[in-house]
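Undergrad: structure, please.
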Amino acid sequence: MQSIKTAVVVNPVSGNGKAGRCWPEIAKAFEDEGISIVFKFTQKPGDATAFTRSYLYEGYELIVAVGGDGTANEVINGFFEHGETINREAAAAFISTGTGSDLIRTLGTPRDFSGMVKHIARSPVRTIDLGKVKYINNRGTGETGYFINIAGLGLDGDTVARVNRASKAMGGFLSFLWATVISLLLYRNQPMAITVDNELIYEGPVTVVVAGNGRYFGGGMNIAPRAKMDDGFFDIIILRNLSKADLLLNLPSVYKGKHINNPKILFLQGKEVKITSPGNALLNLDGEQPGKAPAEMQIMPLALNIKS
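TA: Numbers count the residues shown, from 1 in each chain. Purely as a prediction, here's the structure:
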């Protein structure tokens, strides 16, 4: 590990300021493992992507994201520029201080900072899939980006927008649970047409549609319980026009990953998902809410090296 040039990108406001408060403890954990690092603190959206690109061009071989799932998303986007990988041999790693911490649930990363750093230091490099997504951003123009965990439209986009507008002082689980219940009461199912691998799968009112590379979203909901991050496929889950009563009754089963047996829920695998909507179907992208439909997701097999 010592021979790997390591840079750390820190989002100090992640987790209601947890990353900034805990950075001395995290930095000491790197020191205790004998890992020499350079680091930068982000100040605004987009900094983590820019810092990652800069570090990769400077020859750093491991980029560690310290923050939430949104910070992880920005960092993995920094591995690409103009649609090309900057350094195919470089790797990413993740120390979660965020509200949801859904990415590390799938990766199996320890939750304590010392354990996270030890895991990064001692785990082998492995290669996982990523998702590439085209969508309409919140400024109303087309945008292309990448995601490591989950992209979804509908209720989850509405929920993430609500979480990100509110204080995270309650912690990840309660923040997302509160936002989910409020969204359940206010959300109206959106009309969508969903095509998977060039086949129209469903057209009609949709509660949630998810393209999962990882398994969890929403602060611990096991939305895609069979998803594998290196199998070359998305796990696609479509909740078709569920009523508010259906959603409330089935919410506990989503946390347990038991919901895919519900006859109103479609489950399939695919490599490309296209979603159109005449409504206002908001996009959830790795725990951020950057835009809305129409959206296209494409799997990128074995596109990123990680240490986890």
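Undergrad: make it CA atoms for all contacts and neighbour counts henceforth
TA: Will do.
Undergrad: got phi/psi on the closest residue to residue 39 other than its chain neighbours?
TA: For residue 39, the nearest residue in space outside its immediate sequence neighbours is residue 8; the separation is 4.5 Å by CA to CA, 6 or more residues apart in numbering. Main-chain dihedrals, residue 8, degrees, to the nearest 10: phi -120, psi 130.
Undergrad: ok, residue 8 touching residue 63?
TA: Yes - the pair residue 8 / residue 63 is scored as a contact, 5.7 Å apart, by CA atoms under 8 Å.
Undergrad: so how far is residue 279 from the nearest residue to residue 282 once chain neighbours are set aside?
TA: When the adjacent residues along the chain are set aside, residue 282 lies closest to residue 292, with 4.3 Å between them (CA to CA, 6+ apart). In this structure, residue 292 lies at 10 Å from residue 279, with CA to CA, to the nearest Å as the measure.
Undergrad: returning to that earlier point: quick one: contacts for the residue nearest to residue 39?
TA: With contacts taken as CA atoms under 8 Å, 6 or more residues apart in numbering, residue 8 has the following neighbours: 37, 38, 39, 40, 63, 64, 65, 66.
Undergrad: the chain: helices as residue ranges?
TA: 14-32, 47-57, 69-77, 102-107, 113-122, 155-165, 172-186, 244-256 (DSSP state H).
Undergrad: looking at those, which one has the lowest mean pLDDT?
TA: Lowest mean pLDDT within the helices of the chain: helix 172-186, at a mean of 67.
Undergrad: with respect to residue 225, which of the helices of the chain lies nearest?
TA: Ranking the helices of the chain by distance to residue 225, with CA to CA as the measure, places helix 244-256 first at 8.5 Å.
Undergrad: per-domain residue ranges of the chain.
TA: 6-123, 130-307 (automatic domain parsing).
Undergrad: tabulate the helices of the chain (JSON lines), appending mean neighbour count.
TA: Conversion of the helices of the chain to JSON lines gives the following (neighbours: other CA atoms under 10 Å):
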{"stretch": "helix 14-32", "mean neighbour count": "17"}
{"stretch": "helix 47-57", "mean neighbour count": "21"}
{"stretch": "helix 69-77", "mean neighbour count": "26"}
{"stretch": "helix 102-107", "mean neighbour count": "22"}
{"stretch": "helix 113-122", "mean neighbour count": "19"}
{"stretch": "helix 155-165", "mean neighbour count": "22"}
{"stretch": "helix 172-186", "mean neighbour count": "18"}
{"stretch": "helix 244-256", "mean neighbour count": "15"}
